[in-house]
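K.L.:
I need the structure of the sequence given here:
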Amino acid sequence: MLLLVYLVNLLFAGLFVAAFWNSWWLWILLLLLIAKTAVEYPFVRSVAGFFGQQRLMVYFAVLQPIHILYTIVVGWLGKFGSYRWKGRKISK
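P.N.:
Prediction:
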């Protein structure tokens with residue numbers, strides 16, 4: 001499942017780059033971004049409600065592109081970089 005999420009986020013980045021050469025890709029990107037936001041919003045809203053952070057949901061749609069970039073960067077660094085987790089250093 002994580003690989004699928006990662007690949008979908010890479011697709012968004014690829015569509016963003018492709019949109020510089022052909023605006024048709026921009027429309028596909030926007031359509032998929034709207035679909036992604038619509039699917040994720042109910043889940044994130046319920047989690048935010050559970051933690052009493054519903055006021056932060058006003059930023060949800062605006063932060064979607066940043067979340068895509070974050071997922072790509074952290075996924076790459078997690079696979080090939082080193083990091084600390086619960087006091088242990090993990091190296092690849």
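
K.L.:
who's in contact with the spatially most central residue of the chain?
P.N.:
The central residue of the chain, meaning the one whose C-alpha is nearest the mean C-alpha position (CA atoms, centre = their mean), is residue 68 at 2.8 Å. Each residue near residue 68 by CB atoms under 8 Å, 6 or more residues apart in numbering is listed here: 9, 12, 13. The C-beta positions use only the backbone N, C-alpha and C, and glycine is treated the same way.

K.L.:
among these, which lie within helices?
P.N.:
If you go by DSSP state H, these have 9, 12, 13 in helices.

K.L.:
around the first one, how many other residues sit close by?
P.N.:
Meaning residue 9. Residue neighbour count, defined by other CB atoms under 10 Å, stands at 19 for residue 9.

K.L.:
go ahead and confirm it touches residue 71.
P.N.:
Yes - contact status for residue 9 versus residue 71: in contact at 4.5 Å, counting by CB atoms under 8 Å.

K.L.:
strands of the chain, start to end?
P.N.:
Applying DSSP state E to the chain gives strands spanning 83-85, 88-90.

K.L.:
packing partners for the first one?
P.N.:
Yep, that's strand 83-85 we're talking about. strand 88-90 (3 or more CB pairs under 8 Å, 6 or more residues apart in numbering; DSSP states H and E).

K.L.:
let me know the average pLDDT across the strand it packs on.
P.N.:
Strand 88-90 shows a mean pLDDT of 78.
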